[in-house]
Every structure is written in structure tokens, then in C-alpha cells.
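Enquirer: All I have is the shape, not the residue letters:
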Ligand SMILES: NC(=O)C1=CN([C@@H]2O[C@H](COP(=O)(O)OP(=O)(O)OC[C@H]3O[C@@H](n4cnc5c(N)ncnc54)[C@H](OP(=O)(O)O)[C@@H]3O)[C@@H](O)[C@H]2O)C=CC1
Ligand SMILES: CC(=O)N[C@@H](CCC(=O)OP(=O)(O)O)C(=O)O
């Protein structure tokens with residue numbers, strides 16, 4: 001299968017290229033760039049210089065002739081217009097941005113941008129691979145989940161589906177490495193701002209809040225609001241979400257662990273940590289794994305769940321390739337069997 005990556009000079013693209021080079025059924029045909037067309041891949045990303053490939057300008061008709069699928073790794077507001085044009089020309093598409101994840105009004109509110117056409121918002125399938133595989137397999141357009149929602153929903157969905165969580169506030173504490181903000185210049189991503197520093201941002205106004213709520217309801221059958229506080233930590237990659245929620249009476253830790261074990265028994269990328277071990281970002285760095293742990297605090301009546309992912313892998317490029325595998329009915333882990341990098 002021939003594919004292209006759009007938004008070639010970003011972090012998501014770099015990870016896609018790294019994965020696709022070792023994917024046995026994919027040929028990376030071209031890289032589309034709005035800023036560095038004509039450059040060689042090796043000059044944009046020296047770590048990928050063994051692969052000879054030039055970046056190209058977008059030409060929709062030509063691209064649709066040359067490839068069977070595209071990954072779009074552009075900022076919000078680009079893919080909503082672009083991908084429908086390609087899908088209409090017979091190309092399958094996986095979008096790493098948030099353009100197709102929300103209803104139109106919510107997208108406008110939380111992203112302050114014009115939403116994609118409603119026909120395409122309805123057609124796009126949310127690619128949380130472990131939970132929506134049946135729909136992804138039939139999709140032409142997959143909207144890859146956000147990084148924080150991936151970690152959060154993977155931890156929360158088994159619990160809400162099993163009725164572990166009682167009525168009341170659900171608090172999500174999210175911590176992300178700086179690459180989550182992308183490769184563009186931003187003051188809050190500068191070394192001097194993040195080194196030796198730790199800070200919340202977009203408190204009670206982060207665009208992943210409505211995404212978490214929407215899919216907790218649609219996939220988990222649990223309509224509720226959540227409080228989500230993202231924070232920046234001084235590292236390049238990794239996300240840790242720690243979730244606090246009121247627990248229905250009668251649930252003990254071993255039973256809740258059993259709920260998670262059962263939900264993910266057949267899922268190659270989800271690992272429940274041994275009892276007493278809490279997930280660490282380094283346990284998943286560079287891989288498509290999501291590690292989970294959960295505990296009932298009987299003293300306070302709360303359940304605490306934690307999830308770690310690599311934001312650029314399970315949180316972006318890795319899950320995008322997992323979704324391509326599902327769409328093409330290839331084994332789900334094809335090209336994704338790399339182990340984490342440690343230490
Ligand atoms: N970083 C992460 O951890 C995650 C990111 N995402 C989402 O995935 C998408 C890509 O993220 P990431 O790779 O980190 O972002 P980056 O900022 O690193 O890269 C985005 C790329 O998009 C291209 N681009 C920028 N502006 C425009 C424009 N106006 N029109 C067309 N292309 C443009 C640029 O490439 P070029 O100049 O070559 O065209 C740029 O390098 C974003 O929507 C992001 O929110 C989702 C999950 C996790
Ligand atoms: C650390 C950091 O800044 N992370 C980014 C994640 C952006 C992202 O993935 O945005 P979409 O999913 O909406 O495309 C943020 O919090 O905005």
C-alpha cells in the first residue's frame with residue numbers, strides 16, 4: 001500500500017516515518033510539506049537520513065493518483081477541509097489533529113476555528129483502537145484520538161462500563177512532555193521555561209475536555225462532565241494521567257483490577273502493571289504501549305487510576321498506524337512491535 005504523510009516537518013510526521021519504514025505492507029510514497037517542499041528528508045530530520053525522499057508541495061489530484069492512504073499531521077483547522085477532498089478521490093485518511101473529533105458547535109467553542117463539513121464529522125470514525133475497532137475497520141476517514149484522551153479513556157472506559165464509578169466529580173490530572181505541543185516555536189516550550197519547572201496550563205479550558213466527555217458517553221454509555229487539568233513536565237515525551245473518581249460501594253482493588261484485565265485480555269498494547277507497581281512514562285517510551293494501574297481507596301471512597309503512554313506513539317503516530325492496520329484488516333500490531341527505549 002502506498003501512503004503519504006501531510007505536515008511532514010512536524011514531530012508526528014517524524015514518528016510516522018520511523019514506524020512506516022519498518023511496516024512490511026506500507027510503502028512511504030511521499031511527504032507533503034507546506035513550508036519545506038523541495039528539501040530532502042535527511043536535511044529536515046538528520047536522524048532519518050538513510051531514507052532518500054524529498055518533501056513535496058501538495059497537489060490534491062496528483063496525490064490521489066499516487067497514494068492509497070494518507071496520514072495528516074497538521075495543526076487544527078487544516079485537515080477539516082483537506083481530507084474530505086482526498087477521501088472523495090478514493091484515498092483513505094487518518095487524521096492526527098482534532099478536526100473530526102467533536103460536534104461542529106463544540107469544535108468551534110473549544111478550538112475557535114471553523115468546523116469541518118457536518119457530513120464528514122458524521123462520517124469520521126473515532127479511532128480509539130481498543131474500543132472502536134469494528135467501526136474503524138469499515139471507515140474511510142479515521143479521526144485519531146488526542147493524546148490526553150487516549151490515556152484517560154483507556155483507563156476510564158472499563159471502569160464506567162463495569163459500573164465501578166459512582167455519581168460525582170471525576171478529576172483528571174494530566175502531565176505531558178513538551179513534544180505534545182508540537183515542533184513549532186512557542187515560548188512555553190523553550191528550554192528555559194520548562195527545564196526544572198512544572199506548571200498547569202489551559203486549566204478548565206483544554207480542548208481535550210469535551211473529547212473525553214463525548215467518548216465517555218458514546219463508548220462508555222456514561223454521560224458526565226469531567227475536570228481536566230493538563231500540566232507540562234520537563235521531559236521530551238510521555239503522558240501520565242491520574243484519575244480520581246468516586247467508587248460505587250462494594251468494589252475492592254482486586255475486583256477493579258479484574259475489570260481492567262478482562263477488558264484488555266486480547267489487546268496487545270494495553271498492559272496492567274503488577275499489583276503495587278504504578279505506571280511510569282519510561283516503561284512505554286518509544287512504543288505503542290499503554291500501561292495502567294488502579295486502586296480503590298476504601299478510606300475515602302475513591303478509585304484512583306493511572307495510565308501512561310508515549311504521546312507521539314500511542315498518543316499519535318503509533319495509534320494512527322494501529323488504525324491503518326485495522327482499516328486494512330492487517331494484524332493490529334503490524335509495524336508496531338518495537339519495545340520501549342530504556343532507560
Ligand atoms: N505532538 C503530540 O504529542 C500530538 C499531536 N497531535 C496533533 O497532531 C497534529 C500534528 O502534531 P505535531 O506533529 O506534534 O505538530 P507539529 O507542530 O510538530 O507539526 C505540524 C506540521 O504541520 C504543518 N503545518 C503547519 N502549519 C500548517 C498549515 N497552516 N497548513 C498546512 N500544514 C501546516 C507543518 O509541516 P510542513 O511545514 O512540513 O507542512 C508542521 O511541521 C496536531 O494537530 C497535533 O495537535 C495529536 C496527538 C499528540
Ligand atoms: C503539551 C501540549 O501542549 N500538548 C498539546 C496537545 C495538543 C494536541 O494534541 O492537540 P489536539 O489533540 O487538539 O490536536 C496541548 O495541550 O494543546
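Expert: Yep, that arrived. From a predicted model like this one, the values you see are computed outputs, not experimental measurements. Numbers count the residues shown, from 1 in each chain. Ligands and ions are numbered 1, 2, ... in the order given.
Enquirer: and residue 308, what helix or strand is that in?
Expert: When elements are defined using DSSP states H and E, residue 308 is found to belong to strand 302-309.
Enquirer: and what of residue 8?
Expert: According to DSSP H and E, residue 8 maps onto no helix or strand at all.
Enquirer: Wait, it touches residue 28, no?
Expert: No. Assessed by CB atoms under 8 Å, residue 8 is found out of contact with residue 28, at 10.4 Å. Yep, even glycine has a C-beta here, placed from its N, CA and C like the rest.
Enquirer: Give me the more crowded residue out of those two.
Expert: Between residue 8 and residue 28, counted using other CB atoms under 10 Å, residue 8 has the larger neighbour count: 29 against 20.
Enquirer: if we can go back for a sec, what's the strand holding residue 308 in contact with?
Expert: With contact meaning CB atoms under 8 Å, 6 or more residues apart in numbering, strand 302-309 is reached by 147, 150-152, 154-156, 159, 164-165, 238-247, 251, 256, 278-281, 283-284, 289-297, 315.
Enquirer: In helices only, show me those.
Expert: In this view, these that belong to helices under DSSP state H are 147, 150, 151, 152, 154, 155, 156, 159, 256.
Enquirer: distance of the first one from ligand 2?
Expert: According to CB to the nearest ligand atom, to the nearest Å, residue 147 stands 5 Å off from ligand 2.
Enquirer: residues in contact with the residue nearest to that residue when sequence neighbours are not counted?
Expert: Distances taken as CB to CB, 6 or more residues apart in numbering put residue 315 closest to residue 147, at 3.2 Å, once the chain neighbours are dropped. Residues in contact with residue 315 (CB under 8 Å, 6+ apart) are 146, 147, 148, 150, 151, 180, 239, 309.
Enquirer: cutoff 7 Å now
Expert: 147, 150, 239, 309 (CB atoms under 7 Å, 6 or more residues apart in numbering).
Enquirer: Would you mark the buried spots in whichever helix or strand comes after the strand holding residue 308?
Expert: Counting by DSSP H and E, the next helix or strand C-terminal to strand 302-309 is helix 318-327. For helix 318-327, burial by neighbour count (16 or more other CB atoms under 10 Å) applies to 318, 319, 320, 321, 322, 323, 324, 325, 326, 327.
Enquirer: Likewise for stretch 173-188?
Expert: Neighbour-count burial for stretch 173-188 [16+ other CB under 10 Å]: 173, 174, 175, 176, 177, 178, 179, 180, 181.
Enquirer: Which ones, among those residues, also lie beside ligand 1?
Expert: By CB under 6 Å from any ligand atom, the members of these lying near ligand 1 are 179, 180.
Enquirer: The buried residues of stretch 173-188: which two are farthest apart?
Expert: Maximum pairwise distance among these (CB to CB): 19.4 Å, between 173 and 179.
Enquirer: Would you mind naming what in the protein lies close to ligand 1?
Expert: Residues of the chain that fall close to ligand 1, judged by CB under 6 Å from any ligand atom: 7-13, 33-36, 73-76, 78, 96-97, 146-147, 179-180, 182-184, 311-312, 315-316.
Enquirer: The same query, at a cut-off of 5 Å, please.
Expert: When proximity is defined by CB under 5 Å from any ligand atom, the chain lies next to ligand 1 at 7-12, 33-35, 73-75, 78, 96-97, 147, 180, 182-184, 311, 315-316.
Enquirer: Can you flag the buried ones in those residues?
Expert: The buried subset of the residues of the chain next to ligand 1 - by 16+ other CB under 10 Å - is 7-12, 33, 73-74, 78, 96-97, 147, 180, 311, 315-316.
Enquirer: any idea how far residue 75 is from the residue in the stretch 1-150 of the chain positioned nearest to ligand 1?
Expert: Distances between the stretch 1-150 of the chain and ligand 1 by CB to the nearest ligand atom are smallest at residue 10, namely 2.0 Å. In this view, residue 10 and residue 75 are 8 Å apart by CB to CB, to the nearest Å.
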